[in-house]
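Enquirer: Dropping the sequence and predicted coords here.
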Amino acid sequence: MAMERTRVRHEELGLDGPDLIRLYRGMLLTRRTDERSWTLNRQGKAAFVVSCQGQEAAQIGAATHLRPGYDYIYPYYRDLGITLVVGMTPRDQFLSILGKAEDPSGGGRQMPGHFSKRDLNIVTSSAPIGVQYPQAAGTALAFKMRDEDGVVLTGGGEASTSGGDWHEAMNMAGIHDLPVIFLIQNNAYAISVPAEKQVAGSIAKRAEGYGFPGVEVDGNDVLAVYEAAKEAFERARRGEGPTLIEAKTYRMRAHSSDDDDRRYRESAEIEEWRLKDPIPRFENYLEEHGIMDAAQRESIDEEIKAEVREASDYAEAADYADPESISRGVYAGGN
Amino acid sequence: MAMERTRVRHEELGLDGPDLIRLYRGMLLTRRTDERSWTLNRQGKAAFVVSCQGQEAAQIGAATHLRPGYDYIYPYYRDLGITLVVGMTPRDQFLSILGKAEDPSGGGRQMPGHFSKRDLNIVTSSAPIGVQYPQAAGTALAFKMRDEDGVVLTGGGEASTSGGDWHEAMNMAGIHDLPVIFLIQNNAYAISVPAEKQVAGSIAKRAEGYGFPGVEVDGNDVLAVYEAAKEAFERARRGEGPTLIEAKTYRMRAHSSDDDDRRYRESAEIEEWRLKDPIPRFENYLEEHGIMDAAQRESIDEEIKAEVREASDYAEAADYADPESISRGVYAGGN
Amino acid sequence: MATQNLLQAIHDGLAEEMRSDETVMVLGEDVGKAGGVFRVTDGLQAEFGETRVMDTPLAESLIVGAAIGLSVNGMKPVAEIQFADFIPPAFDQIVSEAARFYYRSNGAWEVPMTIRAPYGVVPGGALYHSQSVEAYFCNTPGLRVLAPSFPADAKGMLKSAIRDPNPVLFLEHKMTYRLIKQDVQEDDFDVPIDKAKVHREGTDITVVAYGLILHHALEAAEKMEGEHGISVEVVEPMSLYPLDKETVLASAKKTGKVLVASEANISGSVSGEIAAVVADGAFEWLDAPVRRLGAPDSPAAPYAKPLMERFVVGKEDVEAAMLDLARY
Amino acid sequence: MATQNLLQAIHDGLAEEMRSDETVMVLGEDVGKAGGVFRVTDGLQAEFGETRVMDTPLAESLIVGAAIGLSVNGMKPVAEIQFADFIPPAFDQIVSEAARFYYRSNGAWEVPMTIRAPYGVVPGGALYHSQSVEAYFCNTPGLRVLAPSFPADAKGMLKSAIRDPNPVLFLEHKMTYRLIKQDVQEDDFDVPIDKAKVHREGTDITVVAYGLILHHALEAAEKMEGEHGISVEVVEPMSLYPLDKETVLASAKKTGKVLVASEANISGSVSGEIAAVVADGAFEWLDAPVRRLGAPDSPAAPYAKPLMERFVVGKEDVEAAMLDLARY
Ligand SMILES: Cc1ncc(C[n+]2csc(CCOP(=O)(O)OP(=O)(O)O)c2C)c(N)n1
Ligand SMILES: Cc1ncc(C[n+]2csc(CCOP(=O)(O)OP(=O)(O)O)c2C)c(N)n1
Ligand SMILES: [Mg+2]
Ligand SMILES: [Mg+2]
């Protein structure tokens, strides 16, 4: 919106200082937790890490609208920020990347990033890209059948729209006006494949073909995502159906700890995007509007770092599951 | 186009009288062949028939642009008209529905409607809906790799757009500007499921989301389809990429000889569409423009009926394949 | 008690579960007004409404995926795959997703979903309306694959499957839908979903079979007894995965001669697994090779009648195999 | 001759075929600049260009479907599935389409396509980067499923697979990519794609195995000979479907004791089929039950190391099973 503003953006969105600080904390907690995950990987303690750095604004801006434990979430492997907003903890993350018994996502069975928590309605996720979309549509249908106003948030990277499951779910959501939000974090790459080799046309524009709104937002601008998601959640709760949000962003780290991104992208490009890092960008906004000064920032960061360190220590000291347990729980209701 | 015309439609399209008669013959040959197929089914001679009645305009209008044996075709089970235009014959059809050894589509192995003919580049088709789309994209890619101007025509019913394969192929075609035409014959039903429970939004509009043109045409108007397809073929040959054509039409018979459509649609609706039958409609056009009179129509019909009868007799008299052959040809290059 | 065919029994099992539990629902292609292409869901939409009996788009991955999503949000969906031949697009949602939700979440997320799929050869059905797809699914821990062959069992097992907290693939031999009739109990009953069944006791040979071939085997067993004095024990696995090995092994040990028969292409079939179980677990009791009978390793039943007849395992094939084994 | 690991040998086989036949091409996710996540296609895009080594969208059904379409229009595509665990979305295109084109068209349409897929457990790979998917595909007439375990065989068989007019699923055990080294011929050679291989002659027991377990078995066989005086014959199927039954049966008849071992979940595994073949075809020669060794029937290898180690079939498991069988 280029037009002159009479109120500042966050006020237009009905957000006050504490709301903004909450958003900021969410983003920073996500970043610090992610950074610590890499450290544990580099130390040889975590076999695998998949990172969300650069995508915190998209995740926090959207997830803030969720009602934890009521709405359902079908996250993808980079959605650490989303899971933290609704109540997962850095401890959960470290238990997961270290594969410990207490890991709520799978007790050490699953790779990191395959989130699950029953009481938060974070539905167990996995590696095959895109499988969550029809599931999310089904979950939304159940809400609708019971006349409840629950919303389902699902999403993935831009490449997750290339598979059939995404399309089938979009179609189903459109036919039945289902309360589901598709949040596509278009971070420019699918491992090495650039978005122009992945996506013909435009993801956001496709929604129209299914008869519901699709919006493209600056995914590194937490307020822009917040705004788009606000509308989407309200629409869904009013029973008006799905929304597609394409958040344009960038994956700041390699695809995963197994990847070397120098094979396929230029460091100049990465540097360019580093300047658009959503966290400093939001810090600037907060400073500009007198909501947070450097000292406050510092103290929030210290607090978060302490929490993260403690969580990491806890997870390192935690136990693995009993190896014999691998044969248990194959079938529900007693093997 | 509601605007005043200075020339009649077919002249605008560069079509003369013989061209129009050729289109008409194609449509009528298709209709009569289809009718005879039902007769063979009712007589207990053909175990199964799937019909294209009502869709002849969509099929002939599009297929006329094909260069037989050069362009590739991935038809669907109702595309009898398309296969007849490029060179399959009523005899082939009857051999197929009777499952005889000479059936070019599969020597009696396949159900009717699962067309195949190597020398006509009609690629072997099957029952799982939608599988042809990625294949068609691949075939188009091969043309492009060799810098040839071959075009691939593929298509299906409106329900064939609901599966993932359609979407994956649309995306691939858009990314690489492939010379492939998606002809969707939206005949209002998928067996019993009406289009509004099948398709959210609009099929034709979806093309835009993939970055290429999508057009909706009156599928019962052979000239309208001809025109849309002409543009699509030219575009493809010029290397400009794919086109989606959604031909709105109606399935005049039951889904197949195994179906009873009275369970799910009103006879009033069928009657309404009978008035829009593409064949009488084109006859009117031809009469109006002095291209064909009743006597000519009669004699064309007689000729076609004779051809159809002869073909049917031939097929009835033909042999089945040797039962022992079922174990042969499982692997190419000598079992 | 009323005499019902397989189709009616399955219909009734479904309807009864829907009546007694409002979270049970049906989704699939043409399951609504049309009542399914085989009419298994006939009348259900009229009784339960358009949402609880929902016509879906033509997209099997969506059907199963949505059913998973319904099942984790309070519903007990019964998804219909119109023909088993069209289950491959749903393969990922079944084997990678439904079958693993519970295990991978360490017991947090159950998927109480049932997938019904008609399978097997019917005349004219040809390559894509005839297949026996069970082997594709019988290497997937977390999934149950059931293939009951009698109306009463089918009804009871479907009810059990719907109540079971695990994803169940429920296979219905479509050739037997109207062919096989039996007295079926009307009120509530369920049948265990993890037990094989000895349909007929015998001492000379064991035949393990399901689907249409089971019915052939039972008929042939009578004939063997009457015409050749051969006593045949006939075992139906009921659950193809996981297998009730104990029941199969007990019979193998009793007779010492085992024939495993099904309609599927022989190599890589479920019969292979059953034979392997016998070859390991009953070796010391075996008096003959573990035999298998099945379709040749050609894609599937052809359309033309004479070709189809050559392809399928017929009654005579079953008889010949029995005789051969008994005389070994 | 140069010493190469499995990965290098496969890379070279592919590169050589691309050099000698310009219709050979590669498509898949990240096969271009990145050279594949395991680097099997490293350098190929630089040599052959962006189209002959094409990065595709993330859509496995598209990858295989497009490869079919390429193959019927003059090309010989080699499609890469990034991990075998992600092959299910392509299941329909493989089993319903590629495997049937030739048969269903009565010999008119060949599909000379190869699908490469890395499979098997690697540490940290967990449930979805570890699977042995072969059983899903070994009930599909018209398809070839190859799983060579040594560099030279893999190179030769890949070349043969590319030249073969049929669709071939080519499985590569990713744990052995860099682990297994061997002298590999540089110039043109190919290896038959339908013959099993006797890696080691022996007289007491036969072990049939492939993938990492084959290497365990060969090591264990040496140990058995040295430490226990047990003579082990080791057979590698090479082609899992269709099976070279003759070679397996000949070995079974020779030793009379057969162990079939693989990394897959045991029930419904290809080992079951092999065991069934032995139990029927070599019955009279058998001196012991046909044994199988495999992973437990739990979904797949867990992420946490101690859990993963409990899941996989280790060297000691192979040794123990051999000893047990030999002493039967
Ligand atoms: C079905 C499937 N195919 C391939 C993979 C391997 N894979 C994992 S992530 C990934 C790229 C995903 O890209 P995108 O959806 O854009 O998400 P991003 O990682 O960029 O956030 C690929 C190819 C997979 N997990 N699942
Ligand atoms: C994957 C798959 N699922 C289900 C079917 C069964 N089936 C055959 S045709 C059909 C309806 C197709 O409708 P549409 O695409 O609109 O084509 P139409 O028959 O109307 O021309 C269905 C459900 C199938 N053949 N393949
Ligand atoms: Mg991405
Ligand atoms: Mg239709």
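Expert: Arrived safely. Ligands and ions are numbered 1, 2, ... in the order given.
Enquirer: how many other residues sit next to the closest residue to ligand 4 within chain C?
Expert: Nearest residue of chain C to ligand 4: residue C:58, at 9.0 Å (CB to the ion). Any C-beta I mention is one placed from the backbone N, CA and C, and that applies to glycine too. Number of residues near residue C:58 (other CB atoms under 10 Å in any protein chain shown) recorded here: 27.
Enquirer: For the nearest residue to it once chain neighbours are set aside, which residues are in contact?
Expert: Of all residues not flanking residue C:58 in the chain, residue B:159 sits nearest, at 3.9 Å (CB to CB, 6 or more residues apart in numbering or on different chains). Shown in contact with residue B:159 (CB atoms under 8 Å, 6 or more residues apart in numbering or on different chains): B:129, B:190, B:193, B:198, C:57-58.
Enquirer: Ligand 1 contacts on chain A?
Expert: A:78, A:127-129, A:156-160, A:187, A:189-191, A:251, A:255 (CB under 6 Å from any ligand atom).
Enquirer: quick one: which of those is nearest ligand 4?
Expert: Closest to ligand 4 out of the residues of chain A next to ligand 1 is residue A:160 (28.7 Å), distances taken as CB to the ion.
Enquirer: distance of the residue in the stretch 101-250 of chain A positioned nearest to chain B from residue A:222?
Expert: Of all residues in the stretch 101-250 of chain A, residue A:164 sits closest to chain B, at 1.2 Å by CB to the nearest CB. Using CB to CB, to the nearest Å, residue A:164 is found at 32 Å from residue A:222.
Enquirer: So which of the residues of chain A next to ligand 1 belong to strands?
Expert: Mapping these onto strands (DSSP state E) picks out A:156-157, A:189-190.
Enquirer: Dump the residues you listed into JSON lines; add distance to chain B as well.
Expert: Below are these laid out as JSON lines (distance: CB to the nearest CB, whole Å):
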{"residue": "A:156", "distance to chain B": "15"}
{"residue": "A:157", "distance to chain B": "15"}
{"residue": "A:189", "distance to chain B": "15"}
{"residue": "A:190", "distance to chain B": "13"}
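Enquirer: which ones among these come in contact with ligand 4?
Expert: Among those, none lies close to ligand 4 by the criterion of CB under 5 Å from the ion.
Enquirer: Show me the two of these that sit farthest apart.
Expert: A:156 and A:189 (13.3 Å; CB to CB).
Enquirer: more crowded one of those two?
Expert: Shown here are residue A:156 and residue A:189; by other CB under 10 Å, residue A:156 has more neighbours (27 against 23).
Enquirer: which residues does residue C:135 contact?
Expert: C:264, C:268-270, D:135, D:139, D:268.
Enquirer: Go through those residues and name the one nearest ligand 2.
Expert: residue D:139 (19.4 Å; CB to the nearest ligand atom).
Enquirer: which parts of chain A sit against ligand 3?
Expert: Within chain A, the positions near ligand 3 by CB under 5 Å from the ion are A:157-158, A:187, A:190.
Enquirer: closest point of the stretch 51-200 of chain C to ligand 2, which residue?
Expert: Here the residue of the stretch 51-200 of chain C nearest ligand 2 is residue C:86; by CB to the nearest ligand atom that distance is 3.7 Å.
Enquirer: which residues in chain A form strands?
Expert: Under DSSP E, chain A gives strands at A:72-74, A:152-157, A:180-186, A:189-190, A:193-194, A:214-218, A:243-248.
Enquirer: in its sheet, what does the third one sit against?
Expert: Pairing partners of strand A:180-186, with direction, according to DSSP bridges: strand A:152-157 (parallel), strand A:243-248 (parallel).
Enquirer: Would you tell me which residues of chain C are close to ligand 2?
Expert: C:29, C:58, C:60, C:82, C:86, C:89.
Enquirer: can you redo these as a markdown table with pLDDT and distance to residue D:275?
Expert: Below are these laid out as a markdown table (pLDDT from 0 to 100; distance: CB to CB, whole Å):
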| residue | pLDDT | distance to residue D:275 |
| --- | --- | --- |
| C:29 | 98 | 39 |
| C:58 | 98 | 40 |
| C:60 | 98 | 33 |
| C:82 | 98 | 35 |
| C:86 | 98 | 32 |
| C:89 | 98 | 32 |
